[in-house]
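Peer 1: have a look at this fold, sequence not included:
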Ligand SMILES: Cc1ncc(COP(=O)(O)O)c(C=O)c1O
């Protein structure tokens, strides 16, 4: 069994998180708690499947067959209560590449695309790089919790004649797991105004406690027709370096466009090891995932309790999902650039810059707690000590 408390040296593996941290944060000895991957080993069944495949020694072209498709159909049905068919699935190296292709396939140059900010940084370039315009439905924040301003959501859609909405569900970086009611409301507005929904559900399996993820497409047949969903086992099972994800689209017309886009760019299969890992994780990773969720919830509780006990200057926004803590650091009274320097130089922490998620993120930082307790303790203590010395 994977031991989530084992501290495993990742330096020297060309890890983005660990090997590039000193350079990125311009300080030696920074503890990396940034980019969204985990410091945990994958399920043993995944390692074993990869070892078996590697020892075969031939790595020619590979394609997902019926068995792999069924594994995906089963996972989506069992975990997201969403009934899909095998020929609704498209393969892609990642959710980010998928979103790039989907924006091109399902909107026109000059179109307006709605996003809910603050949000995962690539959402901005995914829209802008293809000559589309960003429309922001800023999430409201009362100091503790983020909510959707539905009036603003609808007004922005109407006023800008929005054609696409990119939903982040669960939402990175604020950690909300949208409720069925919230999803229904957004979907109803989108249906009313003919807006296509691109739903990025890469964090779908990483829900904490009693929270439950709902795939927006599962709400009704009409919503399903209006939606294209991006899923991936890579966030769930720590496989980001293997680049394996998929897109699900029910509507035939959208699928035609996707086919043109995906195949037109030569993207229609999965790499051999990504495919092997996806299948093994979905087949045999359930128990590991249960253990992971418990471990993440434990780390969240630890970090939140400890920080809130030792300082009033940093508030942890309670995450309902993901392993990313959104830290409200405005109590430190620093300008945003000063806050970044403080984290790097005083706390010696490599965190994600809140402002990279949109200007609403100024005064905030994002901390990745998907690591053994020892690492999380070290990170939290570094932060507390720096704050207490400030
Ligand atoms: C919301 C969201 N979408 C997509 C990605 C990245 O997906 P991929 O690595 O499959 O391109 C991330 C990674 O953190 C994410 O948080």
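Peer 2: Thanks, I have the structure now. Because the structure is predicted, anything quoted here is derived from the model rather than measured.

Peer 1: which residues touch whichever residue of the chain sits closest to the ligand?
Peer 2: For the chain, the residue closest to the ligand is residue 94, as judged by C-beta to the nearest ligand atom, at 2.7 Å. No exception for glycine: its C-beta is placed from N, CA and C like everyone else's. With contact taken as C-beta atoms under 8 Å, 6 or more residues apart in numbering, residue 94 is in contact with 232, 234, 243, 245.

Peer 1: now the last one: phi and psi?
Peer 2: In this case it means residue 245. phi -150, psi 170 (degrees, to the nearest 10).

Peer 1: identify the bridge partners of it.
Peer 2: residue 92 (DSSP bridges).

Peer 1: any idea how far it lies from residue 92?
Peer 2: 5 Å (C-beta to C-beta, to the nearest Å).

Peer 1: touching, residue 222 and residue 191? I think so.
Peer 2: Yes. With contact defined as C-beta atoms under 8 Å, residue 222 and residue 191 form a contacting pair (5.8 Å).

Peer 1: quick one, which of those two is more surrounded?
Peer 2: In terms of neighbours (other C-beta atoms under 10 Å), residue 191 is the more surrounded of residue 222 and residue 191; the figures are 16 against 11.

Peer 1: and the gap between the more buried one and residue 261?
Peer 2: 23 Å.

Peer 1: and stretch 160-179, how far out from the chain's middle?
Peer 2: Put simply, stretch 160-179 sits 11 Å off its chain's centre (C-alpha atoms, centre = their mean, to the nearest Å).

Peer 1: please renumber so the chain begins at 202
Peer 2: Sounds good: first residue 202 from here, last item stretch 361-380.

Peer 1: next, see if that stretch gets close to the ligand.
Peer 2: Yes. Using C-beta under 6 Å from any ligand atom, stretch 361-380 comes into contact with the ligand via 369, 373.

Peer 1: so what touches the helix or strand hosting residue 423?
Peer 2: Using DSSP states H and E, residue 423 sits in helix 422-427. Helix 422-427 is contacted by residues 388, 391-392, 396-398, 417-419, 451-452 when judged by C-beta under 8 Å, 6+ apart.

Peer 1: could you redo the last one with a cut-off of 6 Å?
Peer 2: 388, 392, 397-398, 418, 451-452 (C-beta atoms under 6 Å, 6 or more residues apart in numbering).

Peer 1: same question, stretch 299-318
Peer 2: 293, 324, 327-328, 331-334, 336-340, 361, 363-367, 397, 399, 429, 431, 448, 458-459, 462-463, 559, 561.

Peer 1: could you pull out the buried residues of it?
Peer 2: Using 16 or more other C-beta atoms under 10 Å as the test for burial, stretch 299-318 gives 299-308, 312-318.
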